[in-house]
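*Asks:* dropping a prediction and its sequence here:
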Amino acid sequence: MEGNIGWGVAGVLIAGLLNGSFVVPMKKMGGWHWESSWLVFSTVGLLIVPWATAWLTVPHLGTLLLGSPRVEVAKVLLSEFSTVPS
């Protein structure tokens with residue numbers, strides 16, 4: 001348990017750095033409409049970074065996803081986190 005606190009602190013520091021640095025590229029995008037820049041930011045932040053993180057941190061990610069029930073994977077991919085009575 002003691003070794004995990006270092007990873008937690010590192011995660012918080014990285015998250016703070018990323019959260020504070022999101023405006024840096026906006027200075028270079030002076031001619032862009034804000035919708036275009038947020039489309040790029042959203043694509044990177046909501047698709048590329050999470051999949052890259054999962055690929056780097058989860059061993060055999062493809063095998064895991066292929067071995068999981070398709071309905072459950074679809075719910076996660078579609079962010080369908082509603083509570084359904086069983």
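*Replies:* Received it, and whenever you're ready, just let me know what you need.
*Asks:* dihedrals phi and psi, Trp32?
*Replies:* phi -90, psi 150 (degrees, to the nearest 10).
*Asks:* count of residues packed around it?
*Replies:* If you count neighbours by other C-beta atoms under 10 Å, Trp32 ends up with 14. No exception for glycine: its C-beta is placed from N, CA and C like everyone else's.
*Asks:* again, but for the one 5 residues further on
*Replies:* Burial of Ser37, expressed as a neighbour count using other C-beta under 10 Å, amounts to 14.
*Asks:* what about Gly45, how many neighbours?
*Replies:* Close neighbours of Gly45, defined as other C-beta under 10 Å, add up to 13.
*Asks:* do me a favour and average the pLDDT over stretch 29-49.
*Replies:* Stretch 29-49 carries an average pLDDT of 82.
*Asks:* span of that stretch from start to end?
*Replies:* With C-alpha to C-alpha, to the nearest Å as the measure, the ends of stretch 29-49 fall 21 Å from one another.
*Asks:* the bottom helix or strand of this structure by mean pLDDT?
*Replies:* Ranking every helix and strand in the chain by mean pLDDT, DSSP states H and E puts helix 34-43 at the bottom, with a mean of 82.
*Asks:* residues in contact with the helix or strand where Ala54 lies?
*Replies:* If you go by DSSP states H and E, Ala54 is part of helix 49-57. For helix 49-57, the external contacting residues (C-beta atoms under 8 Å, 6 or more residues apart in numbering) are Leu61.
*Asks:* how far away from the center of its chain is that helix?
*Replies:* 8 Å (C-alpha atoms, centre = their mean, to the nearest Å).
*Asks:* now do the helix or strand just after it: which elements does it pack against?
*Replies:* Sequence-wise, the next helix or strand downstream of helix 49-57 (DSSP H and E) is helix 61-67. For helix 61-67, not one helix or strand is in contact under the criterion 3 or more C-beta pairs under 8 Å, 6 or more residues apart in numbering; DSSP states H and E.
*Asks:* could you give me the average pLDDT of the following helix or strand past helix 61-67?
*Replies:* Using DSSP H and E, the next helix or strand after helix 61-67 towards the C-terminus is helix 70-77. The predicted model assigns helix 70-77 a mean pLDDT of 85.
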